[in-house]
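>>> Turn this into a model:
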Amino acid sequence: MQPDRVWPLEEFSDAFLHGNWVRALWPQHPDLVFVAGTRGKCFDSEPGVCAIPEGFSLLLDSDVPSSPDALRLLALALDGAHKPTARAGVDALIVMIEDGRLDGESLGAVMHHFLGLSYVVAKRWAPHLRDVADSSPVAAFVVRRALERALAAPAPEPPVREIFSWIDLLRELCARTGAPVSDPRTRRGLEQHGGHGKAAKSARALLAFSRGKEPPLPFHVALEHALERRIARAERWLGRRRGSM
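Now for the predicted structure:
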């Protein structure tokens, strides 16, 4: 008996990558859908008009767990030049944070990995991450922690293009939440940005930031918001359970 063939994803057409086969894989093999989505033309350097990978819409379902492959798909969206795909990634991140499926540590670990890739342009991420952070009190803390984790030592060599945009956004979120960067790994990573460029100037300003008296966004506000969202999610789940009985 011949073993099953392992199909290279490059052989699949755009029709496969964007929906026709998704329901055959879902929900038994969700990560295959996310991996296939990363091969979409919308992630090319000149994307033009192309379909948004189906994986983004599937991540809007509160019962779909986060996974490394899902996060890689989202990270590609934030770094990409295709605006509809980037918007889909932002929407998925917001919903996942609100549902409690994604925390800053997990998102930041994937972001840190992407910093080591030569094609990453940090400035493309910043406005999308700000949109996520502005969506709710919880999201502001999650994005703040993600940036701390992403900027932790060791910083990539050579430095990522326009990394100052991430550092400036982290400083903005530190001011909003009223706390300086305390993670020693992040502080070591920021100290690696020496010299006189924009990244060095931004890093020095962030390292010098001190705790404010009354932050615009106290932690208890984010905690209350998170509790409200978790209760709402539990009520939706119970409603579906009762409806299926």
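>>> contacts, neighbours, all on C-alpha from now
Fine.
>>> mind listing the helices for this protein?
Here the chain has its helices, by DSSP state H, at 14-17, 22-25, 30-37, 55-58, 68-79, 83-98, 104-115, 122-133, 137-150, 164-177, 184-191, 198-207, 219-244.
>>> and these, which is most packed in?
Counting by mean count of other C-alpha atoms under 10 Å, helix 137-150 has the highest mean neighbour count of the helices of the chain, with a mean of 25.
>>> Could you name the helices and strands sitting against that one?
For helix 137-150, the contact count by 3 or more C-alpha pairs under 8 Å, 6 or more residues apart in numbering; DSSP states H and E identifies helix 83-98, helix 104-115, helix 122-133, helix 164-177, helix 219-244 as packing neighbours.
>>> Distance to Gly197 for those helices - can I get that in a markdown table?
Shown next, in a markdown table, are the helices and strands packed on helix 137-150 (distance: least, C-alpha to C-alpha, whole Å):
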| stretch | distance to Gly197 |
| --- | --- |
| helix 83-98 | 28 |
| helix 104-115 | 18 |
| helix 122-133 | 15 |
| helix 164-177 | 9 |
| helix 219-244 | 33 |
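>>> Can you list the neighbours in contact with stretch 137-146?
Identification of contacts with stretch 137-146 by C-alpha atoms under 8 Å, 6 or more residues apart in numbering yields 94, 97-98, 103-109, 111, 129, 132-134, 170, 173-174, 177, 217, 221-223, 225-226.
>>> With Pro158 as the reference, name the closest of the helices of the chain.
Between Pro158 and the helices of the chain, the shortest gap by C-alpha to C-alpha is with helix 104-115, which sits at 10.1 Å.
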